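A.B. asks: Based on what follows, work out the 3D shape:
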Amino acid sequence: MGILDKLTGTRHPEDGAEPRPAEELRGALLALNRPDVPYVIRDGASDGADLVAEWRIAEPAWQTFFIGSQLTHAIRIRMRLAEESHEVRAVEEQWEVTRVGNPPRLRTSAEYGRGSGRTVSRRWSLQRGENGRLQATETFSFDSAELTGPLRNTTLTSGWTWRGVLFGKL
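C.D. replies: Numbers count the residues shown, from 1 in each chain. Next up, the predicted model:
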C-alpha cells in the first residue's frame, strides 16, 4: 500500500480474489440496508453516482439517535462502480450539523468537506462500583466506521478495490 492509498483510504482485495460481476456487487452493497442500521444505501443517479450511502439523520425514527450521539458531521459516500478496473471509486463528503429548536433537531450548515475521515462519539458515566471506587461506564457509542466499514468490506470480499477519491471526478 502506497502513501497515496493510505491518504485516500484505498484498499485492495486479497491476491487471487476473483472479481464478481458489477451487478452482483451492487446487489451485495444494497443488501447492507436493514431497518436496524443508522444508514441507508440507495441508487445514486440523482447525485451523479451509481450508489449513495448516507446517515438517516432526516428520518424521524433515527433523529433521537443522532441527536443523542452529539454528532457534529453528517457523512455521505457517493460510489461509482468502475467495471473495467474492478474498482469502487468512493467520494466521502461531510457537512457540519448543529442542533436547533426545542425539541432539538439536526440541521446541516454550509460547511462542507471532502475526503476520508472518521467521527467517533462516546459518552461515559461515572459511578461507584461494588468496591466503592469510581468507575467509568460507556453509556453511548457512535462511530462513522459503521458506515464505511461494511461498504469497504463488501467491496473487498467481492474481489474489487475500494478506491478513495479526493480530487477530480468520481
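
A.B. asks: residues of whichever strand or helix holds residue 28 that come out buried?
C.D. replies: Using DSSP states H and E, residue 28 sits within helix 22-30. When neighbours are counted by 16 or more other C-beta atoms under 10 Å, the buried residues of helix 22-30 are found to be 22, 25, 26, 29. Every residue, glycine included, has its C-beta placed from N, CA and C.

A.B. asks: quick one: pLDDT of the third one?
C.D. replies: The pLDDT attached to residue 26 in the predicted structure is 97.

A.B. asks: if I pick it, what's in contact with it?
C.D. replies: Contacts were defined as C-beta atoms under 8 Å, 6 or more residues apart in numbering; by that measure residue 26 touches 50, 51, 81.

A.B. asks: tell me the contacts of the first one?
C.D. replies: Contacts of residue 50 were listed using C-beta under 8 Å, 6+ apart, and they are 26, 43, 44, 79, 80, 81.

A.B. asks: Tally up the residues packed near the closest residue to residue 135 other than its chain neighbours, please.
C.D. replies: Leaving out its chain neighbours, the residue that sits closest to residue 135 by C-beta to C-beta, 6 or more residues apart in numbering is residue 129, at 4.3 Å. For residue 129, the number of neighbouring residues by other C-beta atoms under 10 Å comes to 9.

A.B. asks: ok, residue 129 to residue 138 distance?
C.D. replies: Here the criterion is C-beta to C-beta, to the nearest Å. By it, residue 129 lies 14 Å from residue 138.

A.B. asks: Show me what the mean pLDDT comes to for the helix or strand residue 127 falls within.
C.D. replies: In this structure, residue 127 sits in strand 120-128 according to DSSP H and E. When pLDDT is averaged along strand 120-128, the result is 73.
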